[in-house]
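J.: Got a sequence here, can you model it:
(chains A, B, C and D, ligands or ions: 4)
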2 protein chains.
Amino acid sequence: MITLTEENYIKAIYHLGSNGDTSVNTNAIAEVMQTKASSVTDMIKKLSEKNYADYKKYQGVTLTEAGRVVAVNIIRKHRLWEVFLVEKLNFSWDEVHEVAEHLEHIKSEKLINQLDAFLEFPKHDPHGDPIPDKEGNFQHIEKIILAKAEVGSTYKCVGVDDDSSSFLKYLDSNKIALGTIITIKHREPYDNSIKIALENTEIVVSQNVAKNLYLKKV
Amino acid sequence: MITLTEENYIKAIYHLGSNGDTSVNTNAIAEVMQTKASSVTDMIKKLSEKNYADYKKYQGVTLTEAGRVVAVNIIRKHRLWEVFLVEKLNFSWDEVHEVAEHLEHIKSEKLINQLDAFLEFPKHDPHGDPIPDKEGNFQHIEKIILAKAEVGSTYKCVGVDDDSSSFLKYLDSNKIALGTIITIKHREPYDNSIKIALENTEIVVSQNVAKNLYLKKV
DNA sequence: AATAAAATTTAGACTAGTCTAAAAATATTT
DNA sequence: AAATATTTTTAGACTAGTCTAAATTTTATT
Ligand SMILES: [Mn+2]
Ligand SMILES: [Mn+2]
Ligand SMILES: [Mn+2]
Ligand SMILES: [Mn+2]
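T.: Ligands and ions are numbered 1, 2, ... in the order given. Purely as a prediction, here's the structure:
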């Protein structure tokens, strides 16, 4: 039996370790879990005892295969619920994350598989992130960050790295959505801001924005 | 801020006290909460401090108006999710209760009101129980228990008192569903079993069954 | 290589919710 | 009205998850 808190720590470790590949620091976990390092130490000991994580004192933590299975399953649930909220309940993409944080912990195989079918097996969530299937498989999406796009080329927006409400609302107000086509006009060396062309307008976005928007060449 | 456990105790008190009217015993709560009387005492003290309940030592507990609001809201969520599971995700009526026990604790006004709209404002859940609206209002359903139905009369099945999977599956296997029309043929004085006529067949049901099926005269 | 800084762990305490065992209050029976 | 049985409460202990403060280990700087 796994607790809600354990699930959240496992998810955090998974995301921080680039999908379970690399070792994760105590402080980094404390940061995203909004807790203290000492609490993290206690928890990773527990995850280690339960065989969800490999942990050596002072050396950081990685997920075991069992831990990765848990993480992927929670991510599947999170993203499917996000699709449900947007597609069926008329939520906007900046409103879904918080609610999905709760829904992702509902434990019912049948519920999530039926939800998947009801949504017609979506491949991406409202932020462009891939949705793992029942077996936990999902394809890596080919994408680069706007900050590294080349001037003169044309791209399609395919995802965001920051799914905070304020960032998503910023994109809305600038008419940028998933699927929007943009052309890179100019990179300003002074502050790394970038001028991009949309359908009708040109806008300048900050480095901050450029680091959080994913593109794919078209 | 109210915890999941507090919500469950409030719901139990509401149901045990016939929707918040009468005083509820410590032992009765312990029974439905699957816990010990001493734990219940601790919790009702806490609910009392938080003004969800009125409590005098050794005298049982009742809900305050605030407590009743909480209870009705959880019941609204529980029943709406049950409808969703049956109508949209192809659950059968004996599978929904357990999952709804978890979903009912998701805290989002928008979620539940949009779900309500998505389901087109259902008035009853899959077990015939009324669904409170956004303001907490719901009409009492006119119904009697099969055990007290009169021999010779014809009724429509409108609800169940026991929503355990085994009882609901029993009804399924005897072709009894909500809306089914039955006629009372005979009440056996020896064991209070009742012979009822369905569309094509006659069956005898035990007193146990007769106490858990609600009818409305047609 | 020594020292300082940063990261991590340990020790001990706190809350929510639970338990057992014993004490107190209430209800029932004689 | 007393004795007995039942119900309820209290006292004290336990677990999960958290915290602060202090100790330890690792990393960076001189
Ligand atoms: Mn999200
Ligand atoms: Mn997402
Ligand atoms: Mn139910
Ligand atoms: Mn129901």
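J.: A:Arg187 and A:Ile194 touch, don't they?
T.: Yes. Counting by Cβ atoms under 8 Å, A:Ile194 is a contact partner of A:Arg187 at 5.3 Å. In short, each C-beta sits where N, CA and C put it, glycine included.
J.: Of these two, which one has the most company?
T.: For A:Arg187 and A:Ile194, the more surrounded residue by other Cβ atoms under 10 Å in any protein chain shown is A:Ile194, and the numbers stand at 23 against 16.
J.: in the sheet, who's paired with the more buried one?
T.: Residues in a beta bridge with A:Ile194, per DSSP bridges, are A:Arg187, A:Val205.
J.: which outside residues touch stretch A:51-59?
T.: Applying Cβ atoms under 8 Å, 6 or more residues apart in numbering or on different chains, the contact partners of stretch A:51-59 are A:2, A:6, A:10, A:13, A:23, A:44-45, A:47-48, A:61-64, A:66-67, A:70.
J.: quick one, helices of chain A?
T.: Assigned by DSSP state H, chain A shows helices spanning A:4-16, A:26-33, A:37-49, A:65-87, A:96-103, A:109-118, A:165-173, A:207-210.
J.: What is the fifth one packed up against?
T.: Contact partners of helix A:96-103 among helices and strands, from 3 or more Cβ pairs under 8 Å, 6 or more residues apart in numbering or on different chains; DSSP states H and E: helix A:65-87.
J.: Could you list the buried residues of the helix it packs on?
T.: Judged by neighbour count (16 or more other Cβ atoms under 10 Å in any protein chain shown), helix A:65-87 contains these buried residues: A:67-68, A:70-86.
J.: Go back to the residues you listed and keep what's next to ligand 2.
T.: Restricting the buried residues of helix A:65-87 to those near ligand 2 by Cβ under 5 Å from the ion leaves A:Glu82.
J.: just to revisit the earlier point, using neighbour counts, give me the buried entries of the contacts of stretch A:51-59.
T.: Buried subset of the contacts of stretch A:51-59 (neighbour count, 16+ other Cβ under 10 Å): A:6, A:10, A:13, A:44, A:47-48, A:61-64, A:67, A:70.
J.: Farthest pair within those?
T.: A:Glu6 and A:Thr62 (15.9 Å; Cβ to Cβ).
J.: Show me how chain A divides into domains.
T.: A:4-63, A:144-217 (automatic domain parsing).
J.: The shortest one close to DNA strand D?
T.: Spelled out, that is domain A:4-63. Yes. On the criterion Cβ under 7 Å from any atom of the strand, domain A:4-63 is in touch with DNA strand D at A:4-6, A:33, A:35-36, A:38-39, A:42-43, A:46, A:58.
J.: Restricted to buried residues, select these in ChimeraX.
T.: Per 16+ other Cβ under 10 Å, the buried members of these correspond to this ChimeraX selection:
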select /A:6,33,43,46
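J.: Out of the residues of domain A:4-63 next to DNA strand D, flag the one nearest to B:Trp93.
T.: For those, the nearest to B:Trp93 is A:Leu4 (27.9 Å; Cβ to Cβ).
J.: Next up, the contacts around the residue nearest to the closest one when sequence neighbours are not counted.
T.: Spatial nearest neighbour of A:Leu4, excluding adjacent residues (Cβ to Cβ, 6 or more residues apart in numbering or on different chains): A:His105 at 5.0 Å. Applying Cβ under 8 Å, 6+ apart, we find A:His105 in contact with A:4, A:7, A:74, A:77.
J.: Pull up the residues of chain A that are close to chain B.
T.: Within chain A, the positions near chain B by Cβ under 8 Å from any Cβ of the partner chain are A:85, A:88-91, A:95, A:98-99, A:102-103, A:106-108, A:110-111, A:114-115, A:118.
J.: picking that back up, and the buried ones among the contacts of stretch A:51-59, which is closest to DNA strand C?
T.: DNA strand C lies nearest to A:Ile44 out of those, by Cβ to the nearest atom of the strand, at 6.5 Å.
J.: what's near enough to touch the closest one?
T.: Contact analysis of A:Ile44 by Cβ under 8 Å, 6+ apart lists A:9, A:13, A:26, A:29, A:53, A:55, A:61.
J.: Which one (most neighbours) among those residues?
T.: Each of the contacts of A:Ile44 was scored for neighbours by other Cβ under 10 Å, and A:Ile13 scores highest at 29 neighbours.
J.: That one contacts A:Thr64, correct?
T.: No. The criterion here is Cβ under 8 Å, and A:Ile13 misses it with A:Thr64 at 10.6 Å.
J.: what about the closest residue to A:Leu215 other than its chain neighbours, how many neighbours?
T.: Counting by Cβ to Cβ, 6+ apart, A:Leu215 lies nearest to A:Tyr155, which is 3.7 Å off, once chain neighbours are set aside. A:Tyr155: 22 surrounding residues under other Cβ under 10 Å.
J.: Equivalent analysis for A:Ala37, please.
T.: Neighbours of A:Ala37 (other Cβ under 10 Å): 14.
J.: Check the spacing between it and A:Ala28 real quick.
T.: Distance of A:Ala37 to A:Ala28, given as Cβ to Cβ, to the nearest Å: 10 Å.
J.: Provide a list of residues in contact with the closest residue to A:Asn8 other than its chain neighbours.
T.: The shortest distance from A:Asn8 to any non-neighbouring residue, by Cβ to Cβ, 6+ apart, is to A:Met33 (6.8 Å). Neighbouring residues of A:Met33 by Cβ under 8 Å, 6+ apart: A:8-9, A:12, A:39-40.
J.: how many neighbours does A:Ile141 have?
T.: Neighbours around A:Ile141, by other Cβ under 10 Å: 14.
J.: ok so, going back, for DNA strand C, state which of the residues of domain A:4-63 next to DNA strand D is nearest.
T.: Scanning the residues of domain A:4-63 next to DNA strand D for proximity to DNA strand C, where the rule is Cβ to the nearest atom of the strand, the winner is A:Ser38, at 3.1 Å.
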